[in-house]
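Participant: structure of the sequence below:
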Amino acid sequence: MKLFFAAVLSGAALATSLSSQAFAQVESREGIYLQNQILELKHQLQALQSQGGGSALGAASQEKGGGGASPDLVPELLDRISVLEDQVRVLRGQVEELSHTVDRQGQELGKRIDDLKFQVEGGASSGSAAPAGAATKEGGVSPTSPPPTPLGVVGSGPGKTEKPAPKTPEQLLAESQAALDRHDYVTAEKSARAALTRSRGEAATKAQYLMAEALAGQKNYQQAALAFDDAYNRARTGPFAPPSLLGLADSLLNINAKPAACATLNKLRAEFPNLKGELRQRMAALRERAGCH
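Facilitator: As a prediction, the model looks like this:
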């Protein structure tokens, strides 16, 4: 397990680097355009100066004799140069701000992946607890999870507007599953997240699993891997544990982390040796795809 998640970490670093370069490239194009405009205006100003014997004011005075530039042109050109230079400074500031934002997001994602690496490597041998933010007990939820939203209708009587009662966790889970079935992964993720904040026990585990499936459907495989791992840790012996490990292995394969995927599949085979039907077929297909021995 020494090389476990090495490819995941490399992929996260590469994604961060590419994102930063993409932001800088877009802003640089605008900056180059403005710089070219500044150079063009400066050339025009130099031409006006040469017409008046090296003086911009001399060039302006020639206008009275029938030739040369308008006396108002030089101040106008200077104002335009000043405005464009200010825009270049603003663009440079935006590039730096975007670069800092991308770096910070990359560090946060790297920390989550480090937590996942530590848990999978340590949990396989010692059954260590889930990382911060995951469930603290099998079938339970984090102590920091907000309590369920009370149901009911707000307001009644003359002059008061009635508000519909909030959807129950069961309704949200049903909506998420229906959205998954019709491949509407954005809606599925939204409903699953809402159900997760209002659920406990197996309902919370199901909400976490549906959210992971929705992320995978959107091809957001790094976040999907973390979500599948959280779903597994909420109930390691429950009905969602095997499909969560399969989803984790599949997500790792999609970010080219084959050693980590094989380690996850080995964990699945050791903890659930009697898989049958579709789950067993999926495990065999993933092992072949990853080239696991």
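Participant: pLDDT weak spots in the stretch 1-150 of the chain?
Facilitator: 1-33, 35-36, 44-74, 117-150 (pLDDT under 70).
Participant: from residue 191, how far out is residue 240?
Facilitator: 17 Å (C-beta to C-beta, to the nearest Å). Quick note: C-beta positions are derived from backbone N, CA and C, even for glycine.
Participant: between the two, which is the more surrounded one?
Facilitator: Shown here are residue 240 and residue 191; by other C-beta atoms under 10 Å, residue 191 has more neighbours (26 against 21).
Participant: what about residue 275, which SS state?
Facilitator: Of the three states, residue 275 takes coil according to DSSP: H, G, I helix; E, B strand; the rest coil.
Participant: what's the burial count for it?
Facilitator: Neighbours around residue 275, by other C-beta under 10 Å: 17.
Participant: in contact with it, which residues?
Facilitator: 242, 268, 269, 283 (C-beta atoms under 8 Å, 6 or more residues apart in numbering).
Participant: just checking, the last one touches residue 269?
Facilitator: Yes: using C-beta atoms under 8 Å, residue 283 is in contact with residue 269, at 7.0 Å.
Participant: ok, residue 289 - contacts?
Facilitator: Contacts of residue 289 (C-beta under 8 Å, 6+ apart): residue 253.
Participant: how much space separates it from residue 165?
Facilitator: Taking C-beta to C-beta, one finds residue 289 at 46 Å from residue 165.
Participant: quick one: residue 277 and residue 284, what's the gap?
Facilitator: 12 Å.
Participant: who has more neighbours out of residue 283 and residue 269?
Facilitator: residue 283 (20 against 15).
Participant: packing partners for the helix ranked longest in the chain?
Facilitator: Using DSSP state H, we find that the single longest helix of the chain is helix 73-126. Under the contact criterion of 3 or more C-beta pairs under 8 Å, 6 or more residues apart in numbering; DSSP states H and E, helix 73-126 touches helix 6-51, helix 56-61, helix 221-234, helix 258-271.
Participant: and if we set it to 7 Å?
Facilitator: Applying 3 or more C-beta pairs under 7 Å, 6 or more residues apart in numbering; DSSP states H and E, we find helix 73-126 packed against helix 6-51, helix 221-234.
Participant: so what angle separates the directions of the host helix or strand of residue 216 and helix 221-234?
Facilitator: Using DSSP states H and E, the element containing residue 216 is helix 201-217. Counting by axes from the mean of the first three to the mean of the last three C-alpha atoms, to 10 degrees, helix 201-217 points 160 degrees away from the direction of helix 221-234.
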